[in-house]
Structure formats: structure tokens, C-alpha cells
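A.B. asks: Pasted the sequence and its predicted model underneath.
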2 protein chains.
Amino acid sequence: MILVNGVRSDSVAVTDRGLTYGDGIFRTLVSKKGQPRWWPWHYRKLEHDCAALAIPCPAAAVLAQEMALAASRSGDEIVKIIVTRGSGTRGYAPPQPPSPTRIVMTAPPPEYPEVFSRSGVKVFKCRTRLTSQPRLAGVKHLNRLENVLARAEWSDPDVPEGLMLDEANNIIGGTMTNLFIVEDGKLLTPELTRCGVAGVTRERVMDAARKHGVACREEPITEARLSEAQEALLVNSVIGVWQIRECAGRSWTAGAHAGRVREWINEEAG
Amino acid sequence: MILVNGVRSDSVAVTDRGLTYGDGIFRTLVSKKGQPRWWPWHYRKLEHDCAALAIPCPAAAVLAQEMALAASRSGDEIVKIIVTRGSGTRGYAPPQPPSPTRIVMTAPPPEYPEVFSRSGVKVFKCRTRLTSQPRLAGVKHLNRLENVLARAEWSDPDVPEGLMLDEANNIIGGTMTNLFIVEDGKLLTPELTRCGVAGVTRERVMDAARKHGVACREEPITEARLSEAQEALLVNSVIGVWQIRECAGRSWTAGAHAGRVREWINEEAG
């Protein structure tokens, strides 16, 4: 089901700035039996990302009500929330005041082979680089051509994800996931001060690591550093955790951290 | 009037990748009495930009027919053409084959004070930088958040444009225009190999300069170089030519080149 500003609809105005300029943000999360998982985390991120673009954020209660209406009460679904600056006059200048467009849509979960979670995944190394834009770094905005170009670089269905680097040759993450590596038993995740998306699951892993007394830091991660890591993990709200089994000629055997991190992010009700 | 895939409509699917990822390109041109000006130039650019994103380009004849249907036969109108990769399955991977969405829409021309063309304009210097992405440089794609952020930096209605720099402190152009400067009687325009939009009017000015035996080169243009220039001009398909009268503390008196360049781009029928 798709709700646009609370009304069942499958379309938006051609003049919506989400279409004309990618002037908006989005979230993807899992709903279990009609309950959006880790909603407070997702809403905080939605508020943060709207603020980064100076788009008024829809009220949490409004979105919760619309998710309750759209999502199935049985089984799992993916919920996507898009908030755009809405329609406006021609030209880049943001309309004052804006009338944001709010989209809540549900879809069946993607069918990834169970082996991805159990035994890890083979990962592609993308040539398309992420560019540095501090004003948009970390924000899950609708300008995603770099991810599209990167994802178009490979089509092997057994390779579900690709790693993207910035121009300084640091690994920033996957096209749709955040990265953690394990070094001397400590967790490290790429700094996202210049590009990349700071996802909710990444935040939750960092938070859980603190609670469990495991060191977890944001640092630049080069290819050499990834190659020498004990383990490498990809995370997002839909897949949870995948260990990287193979990337750029390096392979890893199953480690203990993927399961541990998976337990952390599943132990909290939400 | 708005035509979506040839049919009168004012909306697109929520699942259109133009909305979800900014996965598409656009053109803005002037229609005079129903005739799109310099259409062959615009169509070549449309083909080029579609190719840059591997989106099949709509046939010129189809677009021409739709513009004829949408545009008024009396007076001037602005025509905007958007081509997206269309709807697809969830996720960044481009659908194979894609079913592009084609939008042709018309609007009244913006009402800029006539003094802008006659006496020049005051121009803002934006803090938002354009990031370097060689794979997208020059392409007028739908990922335009940097332009939106830059245009939101000022609101003085007497200042119709702002200049944007790249991370290397080179001026790339305006938020919606291309820049030319005059140095020793020669025309220079910023190199657009790493960012920026290579507009049709910019191409036409470069072409006309060649035909008139005036030197015109693409070079890096720093702020110091702009400040020392004899004249500075902003161009696009809608405004034609505006001389910069004032920018970042420097002011210019009316020069001969704005009028000359305006004559060049108006002399060709099209």
C-alpha cells in the first residue's frame, strides 16, 4: 500500500521537488506484524536528515498512524518513508514556506538467500567513487546517482553488495549497507564526515558495542586495512548483518563477530 | 500543460526512479510561438546526458510532437523535458530493460526585470561547493541538492544568481547558469571535467566564438581571475546573457561583450 500525505495513491506531482531535484530524504525499515522495528531510532534519523535539508519533519505520530494503516498485521514487510520539500515554484530556490510531501509505502521483504546471513557474502569493489560533500554527509537524501552507477557495475546475483570508496581511497561502505571491520577484537566503522549514509543499524551497533564494553570507533578504513581485518561486516535495517566472505581477492572464514553483532541488534525489543 | 509518456497527466508513479534516486536528466528551453528554440542543440545534449546514465533516449520526433502538443502557438513559454529511468524493482540496481519515463511540461517564462539584461546583475557568492564526480560532470541530471542548498543561501530578489566554486576554489558557474569571462578580449569559460552542467547556451557561445574568429577556451577560473576580468557573463537558454555587474566586492561597468554574445546566440534561427 502507498499513502501520499495520508491518502491512498500511487503517484506524486510532476512538480514535486523530490522528482525535479532529488530534494528530499528517505528511510527503509522493517515492519513485523504491523510494528515498525526500532522506530524511535528511525524517527530520530528522519528528523536529523530533514533538518539537514531544512525540510519540516512530519510528526512521529502521523507517520506511526500511516504505517499502522499501510503495513500488514501478519508477517514481515519493508516500509519506505520518503519526505520531500513538496512542490514549488520553478527554480532551485526552496519555496517559503514549503509544503512537504510525505510518502509511506510498504512492500514484501527482498528474498535474499538464507546462506548470506549464515555463511557470508561475496562483495564487489565498485569503481564509482563517493564524492565529498560535508553538507550532505551522513544524510540519506534522494540524490543517489552515485549508488545507482555503482550498483550498475555488476550483475552477478550471487554478489549482493559492492563496496564504495571516496576520492582519498578510503572505504565508505556498501551501496546500501554500512561497514564494520574487526581489528584486534575491536570494531571499526568508516568515518562519515564527508560522504556516505550514517544508517540506523550502524548507530545501533555502535550503541550496543558501548553497552557491552566492546571498543568501537569511527576511523578511516583503507583497502589494506580491510584486507588485514579479522572480520568485515555489512549492516542495514533490512539485511541485519552479513559477514563479508570474499572481496577483492581476500577471503574470510566465518568469524564470531557477525553472530555477536546480530544478537546485539536483535536483543532490544523495538 | 504536462504530458507524461505522451498522455496528459500531472503526476508520476511514486516508484519512479526519478523520485526515489534522482535517476534521470532534464532540459529547460524556450518555445516561441510553439517552436522550441535551438532544438537540435537541446536534443543532442539530451542524447548525451541519457547516454551518460545509460538511459534509452526518447526519439527526437516523439519529443518534438509532444512539445507541439503542449506548447502554446502564441507567445513564449518555457519547456521542461525530464527523462527518468522509469519505475523498477526495489533497490539501486537499474531494471533491465528500463522503461524510461518521459515528461514534457510547459510553463510561463519567469519574469526577470528587463534591467538584468540591459544593465547587468548583482551576483551572490555561494558557500556550498560543487563536488567532483567525473562520471557525472557536465550532465544535467536530477541530483541537484547542491544547487538547492546554494540557492537557499540568499533571498534578495535583486540578486538573481549565485556563483558556485568547486573544492579546489575554481569557479564552476552559477546555480542555473554557465559563466564566461573576458580576458584580453578573449572569452574563457570554466572547465567542466569534474563537476558542473555543460549547458546548451554555453556550447552555442563557444561555437559562435569559433565562427566569429574570437578566441574562446575552457580553463580553470579562480576568484582572482574573475576579479581581474574585463567582463563576466552568465548564460543559459532561458535568460540568454546577463553581464555580472557586481560580485564579491568587485563591480563592473557595462562592457561590449554581453551585447555581442547576445547577438551571436540570437542570430542563428532555431
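C.D. replies: Looks like it arrived, so ask away.

A.B. asks: okay, CA-based contacts and neighbour counts for the rest of this
C.D. replies: Will do.

A.B. asks: For the helix ranked longest in chain A, which helices and strands make contact with it?
C.D. replies: Using DSSP state H, we find that the single longest helix of chain A is helix A:39-52. With contacts taken as 3 or more CA pairs under 8 Å, 6 or more residues apart in numbering or on different chains; DSSP states H and E, helix A:39-52 sits against strand A:24-32, helix A:200-211.

A.B. asks: Which residues are in contact with whichever residue of the stretch 151-270 of chain A sits closest to chain B?
C.D. replies: Closest approach between the stretch 151-270 of chain A and chain B, counting by CA to the nearest CA: residue A:151, at 5.2 Å. Taking CA atoms under 8 Å, 6 or more residues apart in numbering or on different chains, we find residue A:151 in contact with A:126, A:161, A:162, A:175, B:92, B:93, B:94.

A.B. asks: What are the buried residues along the next helix-or-strand element following the longest helix of chain A?
C.D. replies: Sequence-wise, the next helix or strand downstream of helix A:39-52 (DSSP states H and E) is helix A:60-70. Judged by neighbour count (16 or more other CA atoms under 10 Å in any protein chain shown), helix A:60-70 contains these buried residues: A:63, A:64, A:66, A:67, A:68, A:69, A:70.

A.B. asks: Stretch A:257-270 now?
C.D. replies: Neighbour-count burial for stretch A:257-270, counted by 16+ other CA under 10 Å, picks out A:257, A:258, A:261, A:262, A:264, A:265.

A.B. asks: ok, for the second one, nearest residue in space, not its chain neighbours?
C.D. replies: With sequence-adjacent residues excluded and distances taken as CA to CA, 6 or more residues apart in numbering or on different chains, residue A:258 is closest to residue A:243, at 5.8 Å.

A.B. asks: Next, the angle helix A:60-70 makes with the longest helix of chain A.
C.D. replies: 120 degrees (axes from the mean of the first three to the mean of the last three CA atoms, to 10 degrees).

A.B. asks: hmm, back to that, can I get the helices and strands packed on helix A:39-52 in JSON lines including mean neighbour count and mean pLDDT?
C.D. replies: As requested, the helices and strands packed on helix A:39-52 are exported to JSON lines (neighbours: other CA atoms under 10 Å in any protein chain shown; pLDDT from 0 to 100):
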{"stretch": "strand A:24-32", "mean neighbour count": "23", "mean pLDDT": "97"}
{"stretch": "helix A:200-211", "mean neighbour count": "18", "mean pLDDT": "97"}
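
A.B. asks: Would you mind giving those as JSON lines with distance to chain B added?
C.D. replies: Output for the helices and strands packed on helix A:39-52, formatted as JSON lines (distance: least, CA to the nearest CA, whole Å):
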{"stretch": "strand A:24-32", "distance to chain B": "8"}
{"stretch": "helix A:200-211", "distance to chain B": "18"}
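
A.B. asks: Compare those and give me the one nearest residue A:76.
C.D. replies: Among the helices and strands packed on helix A:39-52, the nearest to residue A:76 by CA to CA is strand A:24-32 (4.6 Å).

A.B. asks: So what's the residue count around residue A:227?
C.D. replies: Counted with other CA atoms under 10 Å in any protein chain shown, the neighbours of residue A:227 add up to 17.

A.B. asks: Got the phi and psi for it?
C.D. replies: For residue A:227, the backbone dihedrals (degrees, to the nearest 10) come out as phi -60, psi -30.

A.B. asks: Show me what the residue nearest to it when sequence neighbours are not counted bridges to in the sheet.
C.D. replies: Computed as CA to CA, 6+ apart, the closest residue to residue A:227 that is not its neighbour in sequence is residue A:250, at 6.3 Å. For residue A:250, the beta-bridge partners under DSSP bridges are residue A:247.

A.B. asks: between the helices and strands packed on helix A:39-52, which gets nearest to residue B:195?
C.D. replies: Taking these one by one with CA to CA, strand A:24-32 is closest: 21.5 Å.

A.B. asks: Now do residue A:147 against residue A:49, distance only.
C.D. replies: Residue A:147 is 18 Å from residue A:49, where distance means CA to CA, to the nearest Å.

A.B. asks: Could you do residue A:247 as well?
C.D. replies: Counting by CA to CA - residue A:247 and residue A:49 are separated by 31 Å.

A.B. asks: more neighbours, these two?
C.D. replies: residue A:49 (23 against 19).

A.B. asks: check contacts around the more buried one.
C.D. replies: By CA under 8 Å, 6+ apart, the contact set of residue A:49 is A:25, A:139, A:140, A:141.

A.B. asks: again, but for residue A:158
C.D. replies: Residues near residue A:158 by CA under 8 Å, 6+ apart: A:121, A:122.

A.B. asks: try 10 Å this time
C.D. replies: Going by CA atoms under 10 Å, 6 or more residues apart in numbering or on different chains, residue A:158 touches A:112, A:113, A:116, A:121, A:122, A:123.

A.B. asks: now residue A:64
C.D. replies: By CA under 10 Å, 6+ apart, the residues touching residue A:64 are A:35, A:36, A:39, A:43, A:70, A:104.

A.B. asks: now residue A:204
C.D. replies: Going by CA under 10 Å, 6+ apart, residue A:204 touches A:38, A:41, A:210, A:237, A:261, A:264, A:265, A:268.

A.B. asks: got the residues of the stretch 151-270 of chain A near chain B?
C.D. replies: Residues of the stretch 151-270 of chain A lying close to chain B by CA under 10 Å from any CA of the partner chain are A:151, A:152, A:153, A:154, A:155, A:167, A:175, A:176.

A.B. asks: could I get these as CSV with secondary structure, pLDDT and distance to residue B:133?
C.D. replies: What follows is those, written out as CSV (DSSP: H, G, I helix; E, B strand; the rest coil; pLDDT from 0 to 100; distance: CA to CA, whole Å):
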residue, secondary structure, pLDDT, distance to residue B:133
A:151, helix, 98, 16
A:152, coil, 97, 16
A:153, coil, 98, 16
A:154, coil, 97, 20
A:155, coil, 95, 23
A:167, coil, 95, 9
A:175, coil, 98, 16
A:176, coil, 98, 19
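
A.B. asks: Would you mind listing which of the residues you listed are buried?
C.D. replies: Buried positions within these, assessed by neighbour count (16+ other CA under 10 Å), are A:151, A:152, A:154, A:175, A:176.

A.B. asks: Could you list the low-pLDDT ranges of chain A?
C.D. replies: A:268-270 (pLDDT under 70).

A.B. asks: Domain map for it?
C.D. replies: Following automatic domain parsing, chain A resolves into domains at A:2-107, A:114-267.

A.B. asks: If you tally nearby residues, what's the number for residue A:178?
C.D. replies: Taking other CA under 10 Å as the criterion, the count of residues near residue A:178 is 24.

A.B. asks: Can you read off the backbone torsions of it?
C.D. replies: Phi and psi for residue A:178, reported as degrees, to the nearest 10, are phi -100, psi 160.

A.B. asks: measure it to residue A:244 for me?
C.D. replies: Per CA to CA, residue A:178 is found 12 Å from residue A:244.

A.B. asks: closest to chain B among the buried residues of helix A:60-70?
C.D. replies: Chain B lies nearest to residue A:70 out of those, by CA to the nearest CA, at 14.8 Å.

A.B. asks: Touching, that closest one and residue A:79? I think so.
C.D. replies: Yes - the pair residue A:70 / residue A:79 is scored as a contact, 8.7 Å apart, by CA atoms under 10 Å.

A.B. asks: Residue A:31: what's it in contact with?
C.D. replies: A:37-39, A:67-68, A:71-79, A:106-107, A:109, A:238.

A.B. asks: Just list whatever residues bridge to it.
C.D. replies: residue A:36, residue A:77.

A.B. asks: okay, the angle between the longest helix of chain A and strand A:24-32?
C.D. replies: Using the same axes, to 10 degrees: helix A:39-52 against strand A:24-32 is 170 degrees.

A.B. asks: So which bits of helix A:39-52 are buried?
C.D. replies: Buried residues in helix A:39-52, defined by neighbour count with 16+ other CA under 10 Å: A:39, A:41, A:42, A:43, A:45, A:46, A:47, A:48, A:49, A:50, A:52.

A.B. asks: Lovely, talk soon.
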